[in-house]
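Chemist: Got a predicted structure here, sequence first:
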Amino acid sequence: MLLSFRVANHRSLRTEQQLLLAPSSGVGTPAEADWRAVPVAGIFGPNASGKSNVIDALLYMRDLVLGSLRESEPDGGIRRHPFALDAAACEEPSTYVVDLLLEGVRYTYGFAVDDARVVEEWMCSYPHRRKSIIFHRKLDEYSHREPSQSTVQEITASNVLYLSVAARTKQVLVRPVYDWFAGVLSRKATGLRVPGGNGDLKVMDDLGLLGRLAALLQAVDTGIELAEETQSEPDRLSTCMDSPDGHPLAADKYMIFRHRARDGTFALRWRDQSLGTRVLFEICLPILLSLDRGTPLLVDELDSSLHPYLSARLIRLFADPSTNPRGAQLVFTSLDVTLLGRIQGEEVLGRDHVWFTEKDEYGVTELFALSGFETREEESWGRRYLAGRCGAVPVVDDDLFAAALATRAEGDDDGVSGARGQEGRR
């Protein structure tokens, strides 16, 4: 499980910010769960406050771990996203650190990179609660736990992570951490991404997910009774369902959804489904994979095109040990403040589940937890947040807002009158 994530100098996260998933009050994890970290973290805040950048930073760390060996050209530097509003930040490294609990052993892994190279990289484990350095790299200087690791050092380029090379060369000491990154699933607001599979029909069929996805869609009253495979002749391919990214799902195999009708069911294609149904289908796939595997799922804009009841129900899948026995974790961003209160009589999120982001006047994001505020037992966190008592709410300049609309209205009037004048001269 992810215990914490720290990042500095990534997009609007100029100074070090920490997302801490270790429970602070004991209410973030059910008593019957064998969890050492909270299973859910929701990040709330105004538009452009940096919520998505927290998700983006963790995904950047995952992608660099998994892809630096494959994608980095010799002496090609490192693609990164330092804070852009301060010239000094472009000269400083960007830092990323995770604390993990894997098979009962705590690990810390982190790295600092600039535009040219890996400045520093390290991994420690804590068997029996005692720190043991697996490796430490600072520029070209290395230290290792095992002598065999020195061979990895010799083939690691300056712009490639040591972890990426060590995992590919079967160094067993680093595999638990590498495998954790390989298991991180994500869904950005722009669409679904599932590492290791493209979400096509064959993958869903092989994993036994197609029937379960259809059952979920049926359970939330979409009108769908069944999702099934079908085969079509080449001249009829255009009438069959495409995958979420627009490509055929699998060679000669397609999927249709059967909806309730007066006289049985009626088959509809993917493009005939509502936007809400498509979003629900796309997000349910990584949710099922995450719960089955006990791996993290990162979701930007969980509430996008979803009713609050559905968002709350998906969150509860992770918060309930009966549906999340393997300790999967959901980290999401949202603008839906109803998730900070009760839905259908139940609190959706505990105090340790809620985080906020806000930007200062210079565009720097601060990430902070609801658990840092004192609240009365009976007080609604959502009402407190909307009242501005937690910060992280939009600050609207009414005068500028009115002026912008007035200027637009004047321009529209001038444009209309000008057009009419041209019309009269024709």
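Modeler: Looks like it came in fine.
Chemist: Spit out the contact partners of the residue minimising distance to the centre of the chain.
Modeler: Centroid-nearest residue in the chain, with CA atoms, centre = their mean: residue 298, separated by 2.4 Å. By CB atoms under 8 Å, 6 or more residues apart in numbering, the contact list for residue 298 reads 55, 58, 59, 184, 185, 186, 187, 331, 332. The C-beta positions use only the backbone N, C-alpha and C, and glycine is treated the same way.
Chemist: Relative to residue 120, which of the residues you listed is nearest.
Modeler: Proximity of the contacts of residue 298 to residue 120 (CB to CB) peaks at residue 58, which lies at 18.8 Å.
Chemist: in the helix or strand where residue 215 lies, what counts as buried?
Modeler: Here residue 215 sits within helix 210-219, counting by DSSP states H and E. Neighbour-count burial for helix 210-219, with 16 or more other CB atoms under 10 Å as criterion, is recorded at 210, 212, 213, 214, 216, 217.
Chemist: Touching, residue 149 and residue 171? I think so.
Modeler: Yes: under the criterion of CB atoms under 8 Å, residue 149 makes contact with residue 171 at 6.2 Å.
Chemist: closest to residue 144 among the buried residues of helix 210-219?
Modeler: For the buried residues of helix 210-219, the nearest to residue 144 is residue 212 (44.3 Å; CB to CB).
Chemist: one step back: what are the contacting residues of the helix holding residue 215?
Modeler: Contacts of helix 210-219 (CB under 8 Å, 6+ apart): 201, 204, 224-229, 255, 257, 277, 280-281, 284-285, 288.
Chemist: Those in strands, which ones?
Modeler: 224, 225, 226, 227, 228, 229, 255, 257 (DSSP state E).
Chemist: Now the fourth one: closest residue in space, sequence neighbours ignored.
Modeler: What that stands for is residue 227. With sequence-adjacent residues excluded and distances taken as CB to CB, 6 or more residues apart in numbering, residue 227 is closest to residue 214, at 3.9 Å.
Chemist: In terms of helix, strand or coil, where does the residue lying closest to residue 124 once chain neighbours are set aside fall?
Modeler: For residue 124, ignoring the flanking residues on the chain, the nearest one in space by CB to CB, 6+ apart is residue 108 at 4.8 Å. State at residue 108, reduced to three classes by DSSP: H, G, I helix; E, B strand; the rest coil: strand.
Chemist: beta partners for residue 108?
Modeler: For residue 108, the beta-bridge partners under DSSP bridges are residue 99, residue 124.
Chemist: Thought residue 97 was touching it, still the case?
Modeler: Yes: using CB under 8 Å, residue 108 makes contact with residue 97 at a distance of 6.8 Å.
Chemist: quick one: low-confidence parts of the stretch 51-200 of the chain?
Modeler: 189-200 (pLDDT under 70).
Chemist: Apply 80 and report the result again.
Modeler: 72, 147-148, 188-200 (pLDDT under 80).
Chemist: Tell me where it has strands.
Modeler: Here the stretch 51-200 of the chain has its strands, by DSSP state E, counting those that start in this stretch, at 94-102, 105-113, 118-125, 132-138, 141-144, 185-188, 191-193.
Chemist: could these be laid out in JSON lines, adding distance to residue 9 and mean neighbour count?
Modeler: Formatted as JSON lines, these follow (distance: least, CB to CB, whole Å; neighbours: other CB atoms under 10 Å):
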{"stretch": "strand 94-102", "distance to residue 9": "4", "mean neighbour count": "20"}
{"stretch": "strand 105-113", "distance to residue 9": "9", "mean neighbour count": "20"}
{"stretch": "strand 118-125", "distance to residue 9": "11", "mean neighbour count": "20"}
{"stretch": "strand 132-138", "distance to residue 9": "18", "mean neighbour count": "17"}
{"stretch": "strand 141-144", "distance to residue 9": "23", "mean neighbour count": "15"}
{"stretch": "strand 185-188", "distance to residue 9": "21", "mean neighbour count": "21"}
{"stretch": "strand 191-193", "distance to residue 9": "24", "mean neighbour count": "16"}
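Chemist: closest to residue 310 out of those strands?
Modeler: Comparing the strands of the stretch 51-200 of the chain by CB to CB, strand 185-188 comes nearest, at 14.5 Å.
Chemist: So what touches the closest one?
Modeler: 55, 59, 62, 193-195, 282-283, 286, 289-290, 295-300.
Chemist: Give me the subset of those residues lying in helices.
Modeler: 55, 59, 62, 282, 283, 286, 289, 290 (DSSP state H).
Chemist: What about the residues you listed, which one has the most neighbours?
Modeler: Neighbour counts for those (other CB atoms under 10 Å) peak at residue 290, which has 25 neighbours.
Chemist: and the gap between that residue and residue 174?
Modeler: 23 Å (CB to CB, to the nearest Å).
Chemist: Repeat that for residue 117.
Modeler: 20 Å.
Chemist: if you count what's nearby, which of these two comes out ahead?
Modeler: For residue 117 versus residue 174, neighbours defined as other CB under 10 Å are more numerous around residue 174 (24 against 16).
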